[in-house]
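**Student:** Requesting a structural model of the entry that follows:
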Amino acid sequence: MLKSMISLLFVQGSNYLIPLLTLPYLSRVLGVEGFGKYGLTLSTIQYFVMIIDFGFNLSATKKIADVQNDKVKVSIVFYETMIAKIAICLASILTIVVLVSINLDNVFSSTLYYSIIMLVGTVLLPMWFFQGIEKIPVLSFFMVMTKLASLPFFFIFVKDSSDIGIAIFIQSSTNFIVGLFAIFYIIKNKLLVNVKYKDLSIYKSIHEASPIFLASFAISLYTMSTTIIISLSSNITEVGLFSAADRLKGAVLGVFFIMGNVIYPRVNKLLATNKNEAYRIIRATFIVQGLLSIAIIMFIFILNKEIVSIFYSAEYKSSGIVLMVLSFTIFLAVESTVLGNYVLLPHGYKKEYTILPMIVAVIHIPLCFFLSSKYGAIGGAISIVFVESLTFIILLFVVIRKNLLRKIFIRGECV
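**Tutor:** Predicted structure coming up:
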């Protein structure tokens with residue numbers, strides 16, 4: 001289990017850190033508008049990736065983990081999930097073709113075609129399967145090496161803004177390559193057996209994953225939609241400025257979320273065996289992450305110009321202001337994660353946990369349209385800070401109402 005945890009951290013860390021190695025180069029050769037199109041395309045395709053995943057990363061992983069010693073049952077879960085994902089993938093590709101044909105306000109351009117390979121890779125790479133059978137280390141090293149091996153191709157083939165499609169294709173192809181390796185590994189090691197189609201319950205697997213998908217989709221409406229909203233309400237240059245700042249903010253948040261992936265299972269386990277120790281970890285996490293995030297915000301406020309100049313050219317200087325605004329979400333997001341994932345969810349308050357993202361998403365979309373139409377990238381950033389602040393306040397209010405604040409953060413003991 002420890003090896004799997006370290007490997008998962010290794011993979012997730014590479015997802016956040018390796019793209020930073022190409023950021024200074026791509027932002028300069030593509031220009032603000034080109035980088036805006038690049039960021040907009042990747043943000044759009046992430047919606048389809050999320051739809052294809054459809055919560056299977058949690059639901060299928062749990063089902064396989066429960067029956068991992070029964071190869072027939074494991075195979076049934078695998079084929080059910082893969083067939084469901086293939087069907088959703090085909091529907092997603094068809095949707096992309098329609099969106100590009102309509103080309104609404106030039107948002108859904110033909111560059112989306114270059115990212116279709118990412119959707120195929122999302123189907124081929126069954127990380128949920130390897131997590132369920134506890135063989136994550138098999139894939140982790142190969143995934144990181146594939147991402148590192150792709151880096152030279154950016155410098156060789158991407159020379160100016162006309163190469164946006166190539167940059168997107170290179171970025172999108174890594175999971176496809178690792179997915180081919182994963183399928184080859186499964187076949188070679190005979191991890192599955194043949195099952196009859198009549199034994200599969202594809203609809204049931206989709207139904208079981210749907211609550212997870214709905215919660216994830218609601219959250220994405222105010223985390224991933226901002227670039228699309230800015231492109232609709234403002235212009236592609238503002239998208240580029242926002243994307244530049246958002247990628248730096250995302251890299252910082254990624255470190256905290258990686259830490260959370262280690263802490264979360266530990267907290268859940270201790271809540272069943274030793275609540276006092278679990279509460280101690282929750283308190284320590286809340287305090288330490290809060291202090292670290294405040295220090296990072298201060299650092300960004302003092303050195304935002306220098307930070308932006310390291311990664312981007314002079315034409316991105318306005319991104320420094322956007323980064324300053326977005327920096328507040330670092331504190332808000334990490335502390336909200338503690339309140340939601342470590343406190344509410346493990347204590348069984350799933351309804352509150354699921355409904356909240358839907359509420360703030362409904363607020364964010366019109367607010368972001370209004371603010372970004374007036375203030376561009378800065379307006380989009382202000383909208384995110386507002387809804388993240390609202391999320392934190394509501395979560396804190398719910399934790400107080402459920403008497404969990406006093407139990408966990410003040411007394412520090414079970415009552």
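
**Student:** buried ones in the helix or strand Ser140 falls within?
**Tutor:** Assigned by DSSP states H and E, Ser140 falls within helix 136-157. Using 16 or more other Cβ atoms under 10 Å as the test for burial, helix 136-157 gives 136-140, 142-144, 146-147, 150, 153-154. Heads up, the C-betas are built off the backbone N, CA and C, glycines and all.

**Student:** same for that helix, what does it pack against?
**Tutor:** For helix 136-157, the helices and strands in contact under the criterion 3 or more Cβ pairs under 8 Å, 6 or more residues apart in numbering; DSSP states H and E are helix 2-53, helix 127-132, helix 164-188.

**Student:** Only C-alpha atoms, please: export that helix in PDB.
**Tutor:** The C-alpha atoms that make up helix 136-157 are tabulated as PDB, following Å, rounded to 0.1, in the frame of the first residue of the first chain:
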ATOM      1  CA  ILE A 136       0.200   1.300  -9.500                       C
ATOM      2  CA  PRO A 137       4.000   1.000  -9.400                       C
ATOM      3  CA  VAL A 138       3.900  -0.900 -12.700                       C
ATOM      4  CA  LEU A 139       2.600   2.200 -14.500                       C
ATOM      5  CA  SER A 140       4.000   5.100 -12.500                       C
ATOM      6  CA  PHE A 141       7.600   4.900 -13.700                       C
ATOM      7  CA  PHE A 142       6.500   4.400 -17.300                       C
ATOM      8  CA  MET A 143       4.100   7.400 -17.100                       C
ATOM      9  CA  VAL A 144       6.700   9.800 -15.800                       C
ATOM     10  CA  MET A 145       9.300   8.600 -18.300                       C
ATOM     11  CA  THR A 146       6.800   9.100 -21.200                       C
ATOM     12  CA  LYS A 147       6.000  12.600 -20.100                       C
ATOM     13  CA  LEU A 148       9.700  13.500 -19.800                       C
ATOM     14  CA  ALA A 149      10.400  11.900 -23.200                       C
ATOM     15  CA  SER A 150       7.800  14.100 -24.800                       C
ATOM     16  CA  LEU A 151       9.500  17.300 -23.700                       C
ATOM     17  CA  PRO A 152      12.100  17.500 -26.500                       C
ATOM     18  CA  PHE A 153       9.300  17.300 -29.100                       C
ATOM     19  CA  PHE A 154       7.900  20.600 -28.000                       C
ATOM     20  CA  PHE A 155      11.200  22.300 -28.700                       C
ATOM     21  CA  ILE A 156      11.800  20.500 -32.000                       C
ATOM     22  CA  PHE A 157       8.300  20.800 -33.600                       C
END
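
**Student:** avg pLDDT for it?
**Tutor:** Helix 136-157 carries an average pLDDT of 85.

**Student:** and the angle for that helix with helix 164-188?
**Tutor:** Put simply, helix 136-157 runs at 150 degrees to helix 164-188, going by axes from the mean of the first three to the mean of the last three Cα atoms, to 10 degrees.

**Student:** Helix 136-157 vs helix 2-53, what angle?
**Tutor:** Going by the same axes, to 10 degrees, helix 136-157 makes 60 degrees with helix 2-53.

**Student:** What is the burial count for the nearest residue in space to Phe328 that is not next to it in sequence?
**Tutor:** Excluding the flanking residues, the one nearest Phe328 by Cβ to Cβ, 6 or more residues apart in numbering is Val385, at 5.0 Å. By the measure other Cβ atoms under 10 Å, the count of residues near Val385 is 16.

**Student:** Could you say which helix or strand holds Val385?
**Tutor:** Here Val385 sits within helix 350-401, counting by DSSP H and E.

**Student:** average pLDDT across that helix?
**Tutor:** The average pLDDT for helix 350-401 rounds to 90.

**Student:** Past it, which element shows up next along the chain?
**Tutor:** helix 404-405.

**Student:** Need the residues that contact that following helix.
**Tutor:** Val343, Leu344, His347, Leu396, Val399 (Cβ atoms under 8 Å, 6 or more residues apart in numbering).

**Student:** Could you check how far that helix is from the centre of its chain?
**Tutor:** 28 Å (Cα atoms, centre = their mean, to the nearest Å).

**Student:** same deal with stretch 80-95?
**Tutor:** Using Cα atoms, centre = their mean, the offset of stretch 80-95 from its chain centre is 20 Å.

**Student:** cool, and stretch 339-356?
**Tutor:** 19 Å.

**Student:** if we can go back for a sec, nearest to Thr337 among the helices and strands packed on helix 136-157 would be which one?
**Tutor:** Across those, Thr337 has its closest neighbour in helix 2-53 (14.6 Å, Cβ to Cβ).

**Student:** Dump the contacts of helix 404-405 into JSON lines; add distance to Phe217 and neighbour count as well.
**Tutor:** Listed next are the contacts of helix 404-405 as JSON lines, based on distance: Cβ to Cβ, whole Å; neighbours: other Cβ atoms under 10 Å:
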{"residue": "Val343", "distance to Phe217": "23", "neighbour count": "25"}
{"residue": "Leu344", "distance to Phe217": "19", "neighbour count": "20"}
{"residue": "His347", "distance to Phe217": "24", "neighbour count": "15"}
{"residue": "Leu396", "distance to Phe217": "24", "neighbour count": "14"}
{"residue": "Val399", "distance to Phe217": "24", "neighbour count": "23"}
